[in-house]
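K.L.:
Predicted model and sequence follow; I will ask about them next.
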Amino acid sequence: MRFILHIGQSKTGTTSLQGVLAANRIRLAKQGILYPDIQLNGIELNIPNHNSFADSLADSIRYPGLQAEEYMSRFRGQAIAARCDTILLSAESFFGGAPQPWGLPEGADYHALYTQKLTRLKNCLAGDECRIVAYLRQQGEWLESAVGQIIRYEGLLGKSVYQDDNQLAELLHSRLDYKTLLDHWENIIQPASITVVPFDRATLRNGTTVDDFFHRLGILSEGLSIPPSSLDDHASLSREFIWLKSVLNRIPKSKVRERVLISTLGDLDRKYGSRKKYKISSELKNLLSKRYEESNQYLAARYGSDGTDFFTSPILNNSDEMPLSRSEAIKALEIFEKEWALPATMMREMKTATAGFLRKFPRIHALVRRAVLLFRQVVWDKLAA
Amino acid sequence: MKLILHIGSHKTATTSIQHFCALNRDVLRSYGYYYPRNRDSAYVFNFLASQIAFGKERQTADFLRQACDDAKAAQCHTVVISGESFYAMTAFFIDVQGKERSAGYWENEAALIDKVKQTCAGFESVKIACYLRPQNEFASSIYNQFVKNVIGISSSFEECIQTIKPIFDYDQHIRLWENSFGRDNIAVKNFTDVQKNIVEDFCNTFLSADCFTKAKKKEFMSNTRLSRDALEFKRIYNRALPDRPAAFVAARCIREEISSLFPDKRGYQVFTSPAVFEALFKEYAEGNNNLSLRYELGNLPPVAGQEEPTYPGLSLDREAEIRLRLNFLMSKPTNRIEIAARRFAGFIMKRLPGGRRVIDPIRVIQHNIRLKLFGW
């Protein structure tokens, strides 16, 4: 058996890629590549990524609640049944994910836990050939994007993580030192090959991770079905909605309400967002650039193709960007209040609460989920026809 | 039958006194003091002053007559009525609410106090009780109260003080009460001297010391001020002019569930500098001295303390946070139901003939339950 691991990192077009991979499982299987779905009692859960597997390697168990070894055993079984000789796994939680820098047990060392996670992965691979593909984003750019994501999902993390950009950069230092993390992957996994690609739309094939990834794997990307929902589900919120969420994060609330808030703000942003991105200061970007200069030079030497800088895009000066104005902020707030007052929001809360309850009974949940997906497929097909 | 009429003034722990009296009615009665019940409130009698200010003094007279009869039946010798709105009725009921008046301030106020005197005709003697505090403290406190009210104001501190300037002339107000009721029937006390034991002092001075020592419930709520952030937010909220039921629930949410989340730092409740306070209130120094001499009040300066204001203003983040918190609280099913019920009750009282007769007994029951369960 051969393995291809797409390890992330987050905010490099992973969601789009995983959506496309999941939508083309059959097509890939015909080429001998299994992009496994996670199954529960024989029911496919239609989960587009393998983050739950990646997190389980660090003992962070989430739905559907399997241990890493159980996942791997099922993946292998599926590959044999489908007569595939290659298993392709994609999870940004391989490179990031658990252990999370903000959730470390007291006195624990991030790198010690990270290497434990990779050792467990190595054991799961059981000596099979493994190829690794990673897309990495310039530290300042990644942090800029991560701030929005962390603020957006902070309420589900169980603790306050974000205070300001500088504090977050400090907290995520171990995530931004790419050289050290990739060294762990090389030393522990000992892959047959490791491809590290700078996430830069100017140099990616057709400007997208999807085309670039397929090209690197030697798979034809023409004719792939591209599900509409995979393109922007996790797109960053506009800055006014990030601001609004940061304010909402100060108010204690249930996980159900938190989930509804996250999806509501996502919907509102798609409808009314200014599309202005959240920006960290140029000073912080320059600081990060200097701080990780040596690490990035190593990436260029080790993984670069032409000996130039690994990240070639210039650091953009954000100082001429107008800060979020009061009127922009109040407008976002008013849009949210109007939406929140609708009965549909209450229905959404009930639906989320029901789904959360059903997750406690994975078999029933899997059945319901399957039924809903089938129903949607039929409706989609009819609409498409 | 005697009457003790506690006229405030505002912001001198009147709520604490009223709660004490309402929660310990039985004890007071056992010492001969009768604290009546009413349909408008569980504990306060401001509606009587309101009736007088709006020309319905006959209703006030009827209420007092009934209270007198009830007190006799309960074998009491004194009726106790507490309502801080008896002080400066012209300012609070007419000027603050932007209503027109035909006479000058003092002429109007004298006429209203005379009406109070007439409504008390059934009593053998009437004792007027009043506490006073330095004008700058009173001003800060009353401004907070005006913003905090269910239908609150949205004006700045300076604008508000200019609108109600006459209420700070203690000497003139007390003289009007003296003119109507006689100097010997007026008792004025310095609030600053008894601030920490105001209820005990009220009992010792106007009722009987045993009323306090034998009282069963002494943990009554006081009318605490809003923190400055909550106050500034409430000012913004007041501008939106919500209907009364929504405003009532919002005011309670801000007061009871939001204000304490944004605690004040030192100087946050100081609305202007000592120099501005001095300029505003120095004209009352002479009147305060006169009062002090007449009632042995000791030191009653118009401006006490020299604290500078430190409040930096309500930030956008803070404003949004309070607004969202209020939004979540208001959308709780219990609050939604309460607003709907209040709107329905309001509709019945205003639009249906005889509706008030239907709603009033319900309100009495509601007040009694609230007083028994929550002490408020």
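P.N.:
Cool, got the structure. Numbers count the residues shown, from 1 in each chain, chains lettered A, B, ... in the order given.

K.L.:
closest point of the stretch 101-250 of chain B to chain A, which residue?
P.N.:
Residue of the stretch 101-250 of chain B nearest chain A, by CB to the nearest CB: residue B:236 (10.9 Å). C-betas here are computed from N, CA, C, even on glycine.

K.L.:
and that residue, how far is that from residue A:154?
P.N.:
27 Å (CB to CB, to the nearest Å).

K.L.:
Between these two, which has more neighbouring residues?
P.N.:
Each of residue B:236 and residue A:154 has its neighbours counted (other CB atoms under 10 Å in any protein chain shown); residue A:154 has more, 20 against 13.

K.L.:
How much space separates the nearest residue to that one once chain neighbours are set aside from residue B:170?
P.N.:
The shortest distance from residue A:154 to any non-neighbouring residue, by CB to CB, 6 or more residues apart in numbering or on different chains, is to residue A:249 (5.0 Å). Distance of residue A:249 to residue B:170, computed by CB to CB: 49 Å.

K.L.:
Looking at these two, which one has more neighbours?
P.N.:
Taking neighbours as other CB under 10 Å, residue A:249 and residue B:170 compare with residue B:170 leading, 25 against 22.

K.L.:
Excluding covalently adjacent residues, which one is nearest to the more buried one?
P.N.:
Nearest to residue B:170 is residue B:132, by CB to CB, 6+ apart, at 5.3 Å.

K.L.:
Tell me what the one you found is bridged to.
P.N.:
When bridges are taken as DSSP bridges, the partners of residue B:132 come out as residue B:190.

K.L.:
Show me where chain B dips below the pLDDT cut-off.
P.N.:
Across chain B, the ranges flagged by pLDDT under 70 are B:220-223, B:371, B:374-376.

K.L.:
one more time with 80, if that's ok
P.N.:
B:218-224, B:306, B:364, B:366-376 (pLDDT under 80).

K.L.:
Can you show me the strands along it?
P.N.:
Assigned strands in chain B, in chain order: B:2-6, B:33-34, B:78-82, B:125-132, B:186-190 (criterion: DSSP state E).

K.L.:
can you tell me which helix in chain A is longest?
P.N.:
helix A:362-384 (DSSP state H).

K.L.:
Of all the residues in it, which ones are buried?
P.N.:
Using 16 or more other CB atoms under 10 Å in any protein chain shown as the test for burial, helix A:362-384 gives A:362, A:365-366, A:369.

K.L.:
Closest one of these to residue B:59?
P.N.:
Checking those against residue B:59 by CB to CB gives residue A:365 as the nearest, at 65.0 Å.

K.L.:
Roughly how far does the closest residue to the closest one other than its chain neighbours sit from residue A:364?
P.N.:
Distance criterion CB to CB, 6+ apart; nearest residue to residue A:365, sequence neighbours excluded, is residue A:358 at 4.2 Å. Distance of residue A:358 to residue A:364, given as CB to CB: 6 Å.

K.L.:
What count of nearby residues applies to residue 282?
P.N.:
Went with chain A since none was named. So residue A:282, with other CB under 10 Å, has 16 neighbours.

K.L.:
sorry, should have said chain B
P.N.:
With other CB under 10 Å as criterion, residue B:282 counts 13.

K.L.:
where along the stretch 51-200 of chain A do the helices fall?
P.N.:
Secondary structure of the stretch 51-200 of chain A (DSSP state H, counting those that start in this stretch): helices at A:51-56, A:68-81, A:92-95, A:110-125, A:139-153, A:165-171, A:173-176, A:178-184.

K.L.:
For whatever residue of chain B ends up closest to chain A, give me its contacts.
P.N.:
Distances between chain B and chain A by CB to the nearest CB are smallest at residue B:320, namely 4.6 Å. Residue B:320 makes contact with A:244, A:247, A:329-330, A:333, according to CB atoms under 8 Å, 6 or more residues apart in numbering or on different chains.

K.L.:
on that earlier part again, now do the same for the residue nearest to residue A:365: its pLDDT.
P.N.:
Residue A:358 carries a pLDDT score of 84 in this model.

K.L.:
Pretty sure it sits against residue A:367.
P.N.:
No - counting by CB atoms under 8 Å, residue A:358 stays clear of residue A:367, with 9.4 Å between them.

K.L.:
and the next element down the chain from the helix or strand residue A:330 falls within?
P.N.:
Per DSSP states H and E, residue A:330 falls inside helix A:326-340. Next along the chain after helix A:326-340, taking DSSP H and E as the criterion, comes helix A:343-358.

K.L.:
what's the angle from that following helix to helix A:362-384?
P.N.:
If you take axes from the mean of the first three to the mean of the last three CA atoms, to 10 degrees, helix A:343-358 sits at 140 degrees to helix A:362-384.

K.L.:
Contacts for helix A:343-358 next, please.
P.N.:
By CB under 8 Å, 6+ apart, the residues outside helix A:343-358 that reach it are A:255-257, A:259-260, A:263-264, A:339, A:364-365, A:368.

K.L.:
try 10 Å
P.N.:
The contact list for helix A:343-358 (CB atoms under 10 Å, 6 or more residues apart in numbering or on different chains) reads A:254-264, A:267, A:339-340, A:342, A:364-369, A:372, B:331, B:333.

K.L.:
and that helix, which residues are buried?
P.N.:
A:345, A:348-349, A:352-353, A:358.

K.L.:
How far does it sit from its chain's centre?
P.N.:
In terms of CA atoms, centre = their mean, to the nearest Å, the centre of helix A:343-358 is set 24 Å apart from its chain centre.

K.L.:
Also compute the angle for it relative to helix A:326-340, please.
P.N.:
Using the same axes, to 10 degrees: helix A:343-358 against helix A:326-340 is 70 degrees.

K.L.:
one step back: relative to residue B:21, which of the buried residues of helix A:362-384 is nearest.
P.N.:
residue A:365 (59.6 Å).

K.L.:
Now do the same contact list for the closest one.
P.N.:
Going by CB under 10 Å, 6+ apart, the list of residues near residue A:365 reads A:40, A:43, A:45, A:63-64, A:355-359.

K.L.:
Adding distance to residue A:108, write the residues you listed out as TSV.
P.N.:
Shown next, in TSV, are the contacts of residue A:365 (distance: CB to CB, whole Å):
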residue	distance to residue A:108
A:40	31
A:43	37
A:45	31
A:63	25
A:64	27
A:355	33
A:356	29
A:357	33
A:358	34
A:359	28
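
K.L.:
For PyMOL, write a command that selects the buried ones of the contacts of helix A:343-358.
P.N.:
Typed into PyMOL, the next command selects the buried ones out of these (criterion: 16+ other CB under 10 Å):
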select buried, chain A and resi 256+257+258+259+260+261+262+264+339+340+365+366+369
